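Enquirer: Give me the fold of what follows.
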Amino acid sequence: MQRPAILVLNAGSSSLKFALFEARQGGARMASGAVTGISTDTARFNWTVTGNSKGVQRDGAFPDHCTALDAVMSEVISNRLAALPVAVGHRVAHGGPDCDCPEEVTADLLARLRGLVPLAPLHLPANIAGIEAIAALRPDLPQIACFDTAFHNGLPRVAQMTGLPREIETPELRRYGYHGLSYEYIVGALTQDGVNVDKERLIVAHLGNGASLAAIRGGRSIETTMGFSPISGVPMGTRSGDIDPGLILHLLREAAMSPADLGNLLRTRSGLLGLSGESRDMGVLIERHDAAAAEAIRYFCYHVRRHLVALTAPLEGLDRLVFTGGIGANAAPVRELICAGLGYLGVGIDHETNLAGHKTISAAGSRVIVEIRQTDEEQVIADHVARLCVECASGRKEAS
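Expert: Numbers count the residues shown, from 1 in each chain. Predicted coordinates:
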């Protein structure tokens, strides 16, 4: 008998990440994996069944997302797991200025997403390709779009504004914030653990190849470090983070850089990679022990600390600090450098528990609780799909 399952997809420009969950709220993860190098000669398909330490990996030809999805459907879901997808959830980078919750994919939503491509030109075309691949292979499956910007949609008006003159202001030209699915997961996990997030002043530091921080009060985002685009905020693996607009104008004028060249510089050649001259991987830089790597790490930690302190202003204090993401949850030296000198805020971490990666790493005298938590954006998407598919099915039943 085939097991009902929810398929979660995160389609990138040359990749298709996936996870399969039991078809219920809080359903367990059944498998996960990715097809990388789509449309290249170095494409690779790897996946792991939950509870099986030995994964499967093979090279292959995957000219497009549809071919990659077909391999996932046949090799993993049907043949290996004998599962039956009943719905699909997509991680979608941008939902526009009015999006505050997941939505069922319809022709109208697809048209809206195509219109939003200028707001997220690197991510939305791939997200749309993932949706279209499902529609081509399994048009019977309901699809739910879960937006990375939705968690921040309720930012106070003053936190949404850009400082540009009103005569060129449009609803689309505003600060959005990203990593919303990760922040949503952390808030949910804290709530499950008995933390009254409605009463706490919380900062979550989602630090990975992409990195941002969010100030959360009453369980809602009130400020975040990323703004109009995911280039902004703290420095990242290959992205610059905040940069003086005057420097951008200088590069356009004096270095004769085109907008395309400048975009490539800010998105793919800056951050840890650009500063170290070798790698965007924080783990690699920590092990290198040379001057360029050390300076890149210091720069990253300095700016994360600076933004962290700034977020305490709209919060009017701080009760809990949570580190998550690939760097935040795994790089003890980075956490220690970020928290160094924050004693005046009541932040102190214990060296030994931090090094050991314990869940709670605050020092005995720390007024602020400091934690490490793994995030799981795919679980958030699966839970939204499980809930919305029941609601959508009920709505269709009532309409008929």
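Enquirer: do you know how far Tyr185 is from Asp383?
Expert: Separation of Tyr185 from Asp383 (CB to CB, to the nearest Å): 9 Å. The way it works is simple: take the backbone N, C-alpha and C, and place the C-beta from them, glycine included.
Enquirer: Then Arg320?
Expert: 23 Å.
Enquirer: which of the two has more neighbours?
Expert: The residue with more neighbours, out of Arg320 and Asp383, is Asp383; 23 against 18, by other CB atoms under 10 Å.
Enquirer: export stretch 268-277 as PDB, just CAs?
Expert: Taking Å, rounded to 0.1, in the frame of the first residue of the first chain, the C-alpha atoms of stretch 268-277 are listed here in PDB:
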ATOM      1  CA  THR A 268      28.700  36.200  -6.300                       C
ATOM      2  CA  ARG A 269      32.200  37.600  -5.700                       C
ATOM      3  CA  SER A 270      32.000  39.500  -2.400                       C
ATOM      4  CA  GLY A 271      31.400  38.500   1.300                       C
ATOM      5  CA  LEU A 272      33.500  35.800   2.700                       C
ATOM      6  CA  LEU A 273      34.700  34.600  -0.700                       C
ATOM      7  CA  GLY A 274      35.800  38.000  -1.800                       C
ATOM      8  CA  LEU A 275      37.500  38.900   1.500                       C
ATOM      9  CA  SER A 276      39.300  35.600   1.900                       C
ATOM     10  CA  GLY A 277      40.200  35.200  -1.700                       C
END
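Enquirer: what's the longest helix in the protein?
Expert: Criterion DSSP state H: the longest helix present in the chain is helix 291-315.
Enquirer: helices or strands up against the following helix or strand past it?
Expert: Where DSSP states H and E defines the elements, the next helix or strand beyond helix 291-315 is strand 320-324. Under the contact criterion of 3 or more CB pairs under 8 Å, 6 or more residues apart in numbering; DSSP states H and E, strand 320-324 touches helix 180-192, strand 201-207, strand 369-372.
Enquirer: right, so of those, which gets closest to His358?
Expert: strand 369-372 (7.2 Å; CB to CB).
Enquirer: Now do the host helix or strand of Lys17: distance to the chain's middle.
Expert: Here Lys17 sits within strand 15-22, counting by DSSP H and E. When C-alpha coordinates are averaged (CA atoms, centre = their mean, to the nearest Å), strand 15-22 and its chain have centres 15 Å apart.
Enquirer: Arg253 looks like it's in a helix, true?
Expert: Yes. Applying DSSP: H, G, I helix; E, B strand; the rest coil, one finds Arg253 inside a helix.
Enquirer: what about it, distance to Ser270?
Expert: Distance of Arg253 to Ser270, computed by CB to CB: 19 Å.
Enquirer: ok, for the residue positioned nearest the centre of the chain, nearest residue in space, not its chain neighbours?
Expert: Geometric centre of the chain, nearest residue: His179, 3.7 Å, by CA atoms, centre = their mean. Leaving aside its chain neighbours, His179 sits nearest to His206 (4.6 Å; criterion: CB to CB, 6 or more residues apart in numbering).
Enquirer: give me the number of residues near the one you found?
Expert: 31.
Enquirer: do the same with Ala145
Expert: Count around Ala145 with other CB under 10 Å applied: 27.
Enquirer: these two touch, right, it and Val105?
Expert: Yes. In this structure Ala145 lies within contact range of Val105 using CB atoms under 8 Å: 5.5 Å.
Enquirer: shared neighbours of those two, which are they?
Expert: 90, 131 (CB atoms under 8 Å, 6 or more residues apart in numbering).
Enquirer: and Arg253 and Ser270? which has more neighbours close in?
Expert: Ranked by neighbour count (other CB under 10 Å), Arg253 and Ser270 place Ser270 first, with 21 against 9.
Enquirer: shouldn't that one be in contact with Pro235?
Expert: Yes. With contacts counted by CB under 8 Å, Ser270 reaches Pro235, the gap being 7.4 Å.
Enquirer: can you list residues touching both of the two?
Expert: By CB under 8 Å, 6+ apart, the residues touching both Ser270 and Pro235 are Gly241.
Enquirer: Please parse this structure into its domains.
Expert: 3-147, 195-377 (automatic domain parsing).
Enquirer: Of all these, which one is nearest Thr162?
Expert: Using CB to CB, the domains of the chain put domain 195-377 closest to Thr162, at 6.7 Å.
Enquirer: show me the contacts for Ala93.
Expert: Applying CB under 8 Å, 6+ apart, we find Ala93 in contact with 120, 123-124, 127, 147-149, 178, 230.
Enquirer: okay, the residues you listed in TSV with secondary structure and distance to His94 next?
Expert: Listed next are the contacts of Ala93 as TSV, based on DSSP: H, G, I helix; E, B strand; the rest coil; distance: CB to CB, whole Å:
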residue	secondary structure	distance to His94
Ala120	coil	4
His123	coil	7
Leu124	helix	6
Asn127	helix	8
Phe147	strand	7
Asp148	coil	7
Thr149	coil	5
Tyr178	coil	8
Pro230	coil	9
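Enquirer: Which among those residues count as buried?
Expert: 120, 123-124, 127, 147-149, 178, 230 (16 or more other CB atoms under 10 Å).
Enquirer: picking that back up, gap between the longest helix of the chain and the chain center?
Expert: Helix 291-315 has its C-alpha centroid displaced from the chain centroid by 19 Å (CA atoms, centre = their mean).
Enquirer: and that helix, which residues are buried?
Expert: Applying a neighbour-count criterion of 16+ other CB under 10 Å, the buried positions in helix 291-315 are 293, 296-297, 299-301, 303-305, 307-309, 311-312, 315.
Enquirer: any idea of the mean pLDDT in that helix?
Expert: Average pLDDT, helix 291-315: 98.
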